[in-house]
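got a predicted structure here, sequence first:
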Amino acid sequence: MTAAQPDVSVIIGAYEAMPYLVECLESVQAQTLDPARIEVIAVDDGSTDGTGDQLEEFAKRAPMAVTVIHQENSGGPSRPRNVGLERARGRYVFFLDADDRLGAEALERMVAMADEQGTDVVLGKVVGVNRTAPKSMWGKTLPRTDVFSSQIKFTLSAQKLFRRELLTRHGMHFDESLKTGEDALFTMEAYLRADGVSVISDYVCYYLVGRDDGKHVTKSGSYTLRFDSARALMELIAEHVPAGPRRDSLMVRPFLITLLPQFGPAFLRGDEEVRAHKLELAKPLMDAYWHEGIAGRLKVNERLRLHLVARGREDLLADVLAFVSANKAPTVFMEPRTGKAYLGYPHFRDATAGLPDDWFVPTTRETLTIEAFKPLTTVHFKRLRKAARRVLKVRRAA
């Protein structure tokens, strides 16, 4: 007799996960969803710290069906997840990291949301424990949305509820050639292929735990892996979304979250060879995908750094990064007659640098204060103040 199909398969890839795995498994056992509706597939990826034994002990006492698979270490999270996905029988799958934990009602709420709305992906609110977690997408619960109409592009970790039929229909799996960012690629593809995405913001479904031993995957690995991740995500977006504003809105994510941090203040501390290598790795990405449609969506200091990377101007980039590192607030210059404002980062209207004024125009994401305004030409103070207030009024309205 064939066992009834579970509602959700919880896939846990585990490597050297002790002692965090204990609370992770306790959170699975504490789920309010009927245990008969849950199956757990745990893949021990060659651990030597007792992780495998802990999984076997859990399988003996857990109220739900548990399958434990032991394999040689694969060197990354993709292979364990793929192995678990191959064995999954549930209508939905949920990828749970072995050092994190679930809220008690997480699976019940997410499965109910997917069933009620007919959506293919459900995001449950995530909070960080001893580490930061994404925040911009949790403003309110969204029964049905998509990657273009929300902030979900800024949470591309794998810890979501996915309709398994969506994954099997498109032959989706985690890219085992990537050692970081593999979840971003998988999740973005799911967003793009999904018939609707749901966001649960009124209940904490997932606790993202920071490890004290520094072994969390996002803290390790060569900088070259970040460029591999950015390239893969950009290629995926370009493949699935035609050129235009919708593509640009998604391309912001790999440029802002994956590529830009490689050209932050730490860039100055790298030796000459590393700095040159980073610029070399960035060049084909900038040549292929960077343009004004993306640049105009970023803050001035973000846009300015990436423009300089695109031009290979390490000399000017160093000045901008030194300014940013000093936590200086740029002076806001403005044209009194037009009310157009500019942020005075290094090399603004520097004739020798020859950078376009448009690179320095702030977006509505940036806060301007009247005290910071200075005229670009000599004008009466009242006229300057009136123009500055007009700009602020327009930006507040926007």
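Arrived safely.

and stretch 44-60, end to end?
16 Å (C-alpha to C-alpha, to the nearest Å).

hang on, residue 259 packs against residue 305?
No - between residue 259 and residue 305 there is no contact under C-beta atoms under 8 Å: 9.9 Å. All C-beta spots, glycine's among them, are computed from the backbone N, C-alpha and C.

how close does residue 15 sit to residue 80?
Per C-beta to C-beta, to the nearest Å, residue 15 is found 7 Å from residue 80.

same deal with residue 172?
In terms of C-beta to C-beta, residue 172 sits 16 Å off from residue 80.

cool, and residue 189?
From residue 189 to residue 80 the distance is 19 Å (C-beta to C-beta).

all strands of the stretch 1-150 of the chain, in order?
8-14, 38-45, 65-71, 92-97, 101-102, 121-129, 142-145 (DSSP state E, counting those that start in this stretch).

ditto for the stretch 251-398 of the chain
332-335, 340-343, 373-375.

burial of the nearest residue to residue 164 once chain neighbours are set aside, as a residue count?
Nearest residue to residue 164 in three dimensions, chain neighbours excluded: residue 93, at 5.2 Å (C-beta to C-beta, 6 or more residues apart in numbering). Close neighbours of residue 93, defined as other C-beta atoms under 10 Å, add up to 24.

enumerate every residue touching residue 93.
The neighbours of residue 93, taking C-beta atoms under 8 Å, 6 or more residues apart in numbering as the test, are 8-11, 84-85, 161-162, 164, 167.

just to revisit the earlier point, what's the overlap in contacts for residue 15 and residue 80?
In contact with both residue 15 and residue 80: residue 45, using C-beta under 8 Å, 6+ apart.

between those two, who's got more neighbours?
More crowded of residue 15 and residue 80, by other C-beta under 10 Å: residue 80, with 27 against 22.

can you tell me how far residue 142 sits from residue 114?
The value you get for residue 142 to residue 114, if C-beta to C-beta is used, is 13 Å.

bridged to residue 127, which residues?
Beta-bridge pairing of residue 127 under DSSP bridges involves residue 207.

show the pLDDT at it.
As predicted, residue 127 sits at a pLDDT of 97.

how near is it to residue 208?
Relative to residue 208, and taking C-beta to C-beta, residue 127 is found at 7 Å.

specify which residue of those two has the higher count of neighbours.
residue 208 (20 against 16).

surely that one meets residue 131?
Yes - counting by C-beta under 8 Å, residue 208 does reach residue 131; the two are 6.2 Å apart.

who's the closest spatial neighbour of residue 230, skipping the chain neighbours?
Nearest one to residue 230, counting by C-beta to C-beta, 6+ apart, is residue 258 at 4.1 Å.

what does residue 247 give?
Here the residue nearest residue 247, using C-beta to C-beta, 6+ apart, is residue 241, at 4.2 Å.

dump the residue contacts of the one you found.
192, 247, 250.

okay but the first one is in contact with residue 246, surely?
Translated: residue 192. No - using C-beta under 8 Å, residue 192 is not in contact with residue 246; the gap is 10.5 Å.

looking at those two, which one has more neighbours?
Comparing residue 192 with residue 246 by neighbour count (other C-beta under 10 Å), the higher total belongs to residue 192, at 16 against 13.

tell me which helix or strand the more buried one sits in.
Here residue 192, judged by DSSP states H and E, is contained in helix 182-193.

who touches that helix?
76-78, 95, 120-121, 146-147, 152-153, 155-158, 160, 162, 166-167, 170, 172-176, 178, 197, 229, 232-233, 236-237, 240-241, 250, 253, 258.

buried subset of these?
Neighbour counting with 16 or more other C-beta atoms under 10 Å marks 76-78, 95, 120-121, 146-147, 152-153, 155-158, 160, 162, 166-167, 172, 174-175, 178, 197, 229, 232-233, 236-237, 241, 250, 253, 258 as buried within these.

low-confidence regions, the chain specifically.
1-2, 214-221, 367-398 (pLDDT under 70).

apply 90 and report the result again.
Where the chain drops to pLDDT under 90, the residues are 1-4, 179, 211-222, 270, 328-329, 334-340, 363-398.

what's residue 166 sitting at in phi/psi?
phi -60, psi -40 (degrees, to the nearest 10).

next up, the contacts around it.
By C-beta under 8 Å, 6+ apart, the neighbours of residue 166 are 120-121, 172, 190, 193-195.

sorry, back to before: can you list residues touching both of residue 142 and residue 114?
Common neighbours of residue 142 and residue 114 (C-beta under 8 Å, 6+ apart) are residue 198.
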